[in-house]
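In: heads up, no residue letters with this:
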């Protein structure tokens, strides 16, 4: 091992290039992770504090500089507290658990088709629904109650679960690894004060969960019959079958164009 290290030291430029490349990649991934989230606003706030700190040092405002100096001396702890959810999400991403990992291209297409068919059918009948699709980050820790199902994704079954007289219609249906796993699950509601007052419990639950994990949530409004997709706490509304299919393919089937039909 020591011989390898000594050998690499002869190619310092290669190690420097690798070092800079890794740092650039990490910064790029962090920017992608926090893009469009409240973390961006918090980063802006920290940048303002740093600017004031430098300004107080240059202008000789000693008391202000002393306060900020003590505050910034604990900046690592502050960052961990402020960005704990984003850090946890980033670390969880290390352990990949792709939605379609064990499915063939044909099975992927069938699951997608049944899902879209069910959502459009429920939207036309004004049946409210909340469907959560797990991606890389496990969502087990965020699910409360619920009934285990473990069934093939089928539009008729999905619709029957959300019929008003179904005992498990008033919760989320969870899809994991391309199968219906649980129904009637309660999800954490978003605490974001900027959410529109027009959103009901299903929308708030979809936003709340996707703020914490990378799951995809589909909401069918029983009041308007509109279909929405929520990812990363951001909502895309009023989707028809074509738009819903396109959005789900983009979110769930990144390898679809490369996978061969079995």
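Out: Cool, got the structure. Just so it is clear, the model here is predicted, and its values are computed rather than measured. Residues are numbered from 1 along each chain as shown.
In: what comes up buried for the strand or helix carrying residue 156?
Out: Taking DSSP states H and E as the criterion, the element that holds residue 156 is helix 155-161. For helix 155-161, burial by neighbour count (16 or more other CB atoms under 10 Å) applies to 155, 157-159, 161. Using the backbone N, CA and C atoms, a C-beta is placed for each residue, glycine as well.
In: distance of the residue lying farthest from the centre of the chain from residue 72?
Out: Ranked by distance from the centre of the chain (CA atoms, centre = their mean), the top residue is residue 60, with 44.9 Å. Taking CB to CB, to the nearest Å as the measure, residue 60 falls 18 Å from residue 72.
In: rewinding a little: how about residues contacting the helix holding residue 156?
Out: Contact partners of helix 155-161, identified using CB atoms under 8 Å, 6 or more residues apart in numbering, comprise 114-115, 117-118, 121-122, 127, 129, 131, 151, 166, 168-169, 173, 180, 183.
In: ok now it, how far from the chain's centre?
Out: Distance, stretch centre to chain centre, for helix 155-161: 25 Å (CA atoms, centre = their mean, to the nearest Å).
In: mean confidence for the helix or strand just after that helix?
Out: Next along the chain after helix 155-161, taking DSSP H and E as the criterion, comes strand 172-176. Mean pLDDT, strand 172-176: 90.
In: and residue 235, helix, strand or coil?
Out: The three-state label given to residue 235 by DSSP: H, G, I helix; E, B strand; the rest coil is strand.
In: confidence score at it?
Out: pLDDT for residue 235: 91.
In: with residue 255 instead?
Out: 48.
In: go on, residue 142?
Out: The model reports residue 142 with a pLDDT of 69.
In: cool, residue 36 as well?
Out: 58.
In: before we move on, the earlier item: quick one: which two of the contacts of helix 155-161 are the most distant?
Out: Greatest spacing in the contacts of helix 155-161, by CB to CB: 117 and 168 (20.2 Å).
In: re the thing from before, so of the contacts of helix 155-161, which ones are in helices?
Out: Of the positions in these, 114-115, 117-118, 121-122 sit in helices, assigned by DSSP state H.
In: list just the nearest of those residues to residue 200.
Out: Nearest to residue 200 among those, counting by CB to CB, is residue 122 at 15.2 Å.
In: check contacts around the closest one.
Out: 128-129, 158-159, 162, 220.
In: one more time with 10 Å
Out: Contacts for residue 122 (CB atoms under 10 Å, 6 or more residues apart in numbering) come out as 128-129, 131, 155, 158-159, 161-163, 218, 220-222, 225, 227.
In: which one of these is nearest residue 21?
Out: Closest to residue 21, out of all of those and judged by CB to CB, is residue 218, at 37.9 Å.
In: beta partners for that closest one?
Out: residue 131, residue 229 (DSSP bridges).
In: how many other residues sit next to it?
Out: By other CB atoms under 10 Å, the residues close to residue 218 number 27.
In: so it touches residue 133, yeah?
Out: Yes. Using CB atoms under 10 Å, residue 218 is in contact with residue 133, at 7.4 Å.
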